[in-house]
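In: Quick one: sequence and predicted model below, then my questions.
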There are 2 protein chains.
Amino acid sequence: MQVCRTVQEVREFLRANRHKGPVGLVPTMGYFHAGHLALMHRARRECATVVVSIYVNPLQFGPAEDYSSYPRDPQRDLQLAREAGGVAVFMPSDEEMYPSGYATYVEVQGLTDKLCGRHRPGHFRGVATVVTKLFNIVRPDRAYFGEKDFQQALVIKRLVADLNFDLEVLTVPTVREPDGLAMSSRNVYLSPAERQAATVLYSSLLKARNAILAGERDPRRIENLLAEAINAEPLARLEYAEVYGLPWLAELTRLEGEVLLAVAARVGRARLIDNMVVVVP
Amino acid sequence: MQVCRTVQEVREFLRANRHKGPVGLVPTMGYFHAGHLALMHRARRECATVVVSIYVNPLQFGPAEDYSSYPRDPQRDLQLAREAGGVAVFMPSDEEMYPSGYATYVEVQGLTDKLCGRHRPGHFRGVATVVTKLFNIVRPDRAYFGEKDFQQALVIKRLVADLNFDLEVLTVPTVREPDGLAMSSRNVYLSPAERQAATVLYSSLLKARNAILAGERDPRRIENLLAEAINAEPLARLEYAEVYGLPWLAELTRLEGEVLLAVAARVGRARLIDNMVVVVP
């Protein structure tokens, strides 16, 4: 398996392989779980060459966030990528991505005022900046993002359209544990009791969906239902429970069309997020 | 001559021509003068395919600036591009560049706090954003910028390095009128008396260079000399007269190495800029 540590190595690898057909990019922060593997499998099915980037991007973490403790296991990641097969890995250093004198930032407005963007100032600026860099390094025809980070995928779609990147953004459904918990590298922070409590995010979404399917059309009542479900779990501290219209997170006064239910909560020292798209009948 | 009005037309044109060799991009706001033609000639010498963009980018004008009155003459520009030969033109509409819902911006920090950046808040954000878009639309191997807009060229070089654009930024010397005035589309704003007064920008730079060559090493005295020369012209209102170290506009306490002398002044309703690079002996 090709492992590139520098931008130049990626470019050389792609110069030798681009003629084979479409190039896919799977940007990750590593510490792979089944969600990452689903992205790789999908990319491999649809592209002749797949580059998986593994980089814990300091720019997308706030000063009080878990950048330094974010779980990392590069050797295990390389092993899992090797087993997945058919992918090359780009694993740059901080110095390679943000050398001394670095000064350029990409910002997507509007979309990022809500949900995680409101609670993590600067987060999506860091995401938009690193993804712009990865797009320019790899020049993929297709880029793959997980639906667990739904707002992130929207921000990337907006950025691709606005900055005229000539590539397609594809999203892959959230992979869940058997009890419904969305896979996340941060689940490793959870104690056994917290791990149990963490299922409240998904169960709150199911309850909200059922209420909509049963006829509820008031977005504020759905938000209250989500919040109450999460607040009923003593080990969870609600961060947000919000409902927006798709595709671009429209503020709603009545539920109709495709809507996004999105929740975030702290469970122990893990900040967890989950979401569900519901087509209002 | 190929004239493209949409991103899709440019992409189709380049799909049919990229195999011929390097692609050059000359981004302009039109109203061509000899400076633009020098950029085109240089690009044509060095590239198999040259795209000249003509777009008065609203994003790089402040609310009190001359966006609506900026001189435009698309038919004359097309004629001059045709006569220059060997170039294709990309002439998009505002709707093509910034469609409804547009939300993404590129910002280069640090470098843009000085000179024109300090006096035109948001200007270089508009430049960085539109140039990022043009780079993604054309995917040039080389992009050409005039040295009259020296800070702009530095901002673009920083952006290209930071965002990993796989292209080379080349600069072309300022083209001057016989009396030294730097060519600018905005010179058309000048009355005959103002046109005469406008030569003070270049003559101030020549005086400052002579003082450096005669042994002056204090950057503040050079700035004062520039300011006094411009203030001596009754029709000119000084905006800035500053001296920085190259390549990245370092603040200087003593002149050494390569330095940039840069001035800006209002003459009538024209805001004019000029600069000179001096190698300190």
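Out: Perfect, I can see it now.
In: gap between residue A:106 and residue A:164?
Out: 13 Å (Cβ to Cβ, to the nearest Å). Using the backbone N, CA and C atoms, a C-beta is placed for each residue, glycine as well.
In: Compare these two and say which one has the larger neighbour count.
Out: residue A:106 (27 against 20; other Cβ atoms under 10 Å in any protein chain shown).
In: And for that one, nearest residue in space, chain neighbours not counted?
Out: Nearest non-adjacent residue to residue A:106, counting by Cβ to Cβ, 6 or more residues apart in numbering or on different chains: residue A:128, 4.2 Å away.
In: Quick one: list the elements packing against the top helix by length along chain A.
Out: Ranked by number of residues, the top helix in chain A under DSSP state H is helix A:123-138. Packing contacts for helix A:123-138, counted by 3 or more Cβ pairs under 8 Å, 6 or more residues apart in numbering or on different chains; DSSP states H and E, involve helix A:7-17, strand A:23-28, strand A:49-54, strand A:88-90, strand A:104-108, helix A:115-119, helix A:150-162.
In: helices or strands up against the fourth one?
Out: Based on contacts counted as 3+ Cβ pairs under 8 Å, 6+ apart, the elements that strand A:88-90 packs against are strand A:3-4, helix A:7-17, strand A:49-54, helix A:74-84, helix A:123-138.
In: Give me the distance from the longest one to the chain's centre.
Out: For helix A:123-138, the gap between its own C-alpha mean and the chain's C-alpha mean amounts to 13 Å (Cα atoms, centre = their mean, to the nearest Å).
In: Can you give me the pLDDT of the residue of chain A most remote from its centre?
Out: Distance from the C-alpha centroid of chain A, by Cα atoms, centre = their mean, peaks at residue A:215 (30.6 Å). Per-residue confidence (pLDDT) for residue A:215: 98.
In: Verify the assumption that it is located in a strand.
Out: No: per DSSP: H, G, I helix; E, B strand; the rest coil, residue A:215 lies outside any strand segment and is coil.
In: hmm, back to that, of all the helices and strands packed on helix A:123-138, which one is nearest residue B:26?
Out: strand A:104-108 (22.1 Å; Cβ to Cβ).
In: If we go by neighbour counts, what in stretch A:253-265 is buried?
Out: Neighbour counts over stretch A:253-265 (16 or more other Cβ atoms under 10 Å in any protein chain shown) mark A:255, A:259, A:260, A:261, A:262, A:263, A:264, A:265 as buried.
In: meant to ask about stretch A:50-64, not that
Out: For stretch A:50-64, the neighbour count (16+ other Cβ under 10 Å) marks A:50, A:51, A:52, A:53, A:54, A:55, A:56, A:57, A:59, A:60, A:61 as buried.
In: what's the span of it from first residue to last?
Out: 34 Å (Cα to Cα, to the nearest Å).
In: Same check on stretch A:27-42?
Out: 13 Å.
In: got the contact list for it?
Out: Residues from elsewhere that reach stretch A:27-42, judged by Cβ atoms under 8 Å, 6 or more residues apart in numbering or on different chains: A:26, A:50, A:52-57, A:70-74, A:76-77, A:80-81, A:84, A:87, A:91, A:130-131, A:134, A:143-146, A:148, A:170, A:172-175, A:182-185, A:187-188.
In: residues in contact with residue A:6?
Out: Neighbouring residues of residue A:6 by Cβ under 8 Å, 6+ apart: A:92, A:96.
In: So which residues on the stretch 51-200 of chain A come close to chain B?
Out: Contact residues (Cβ under 8 Å from any Cβ of the partner chain) of the stretch 51-200 of chain A with chain B: A:101-111, A:128-129, A:132-133, A:136-137, A:139, A:158-159, A:162-166.
In: Just the buried residues from those residues, in ChimeraX please.
Out: This is the ChimeraX syntax for the buried subset of these, where burial follows 16+ other Cβ under 10 Å:
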select /A:102,103,104,105,106,107,108,111,128,129,132,133,136,137,139,158,159,162,163,164,165
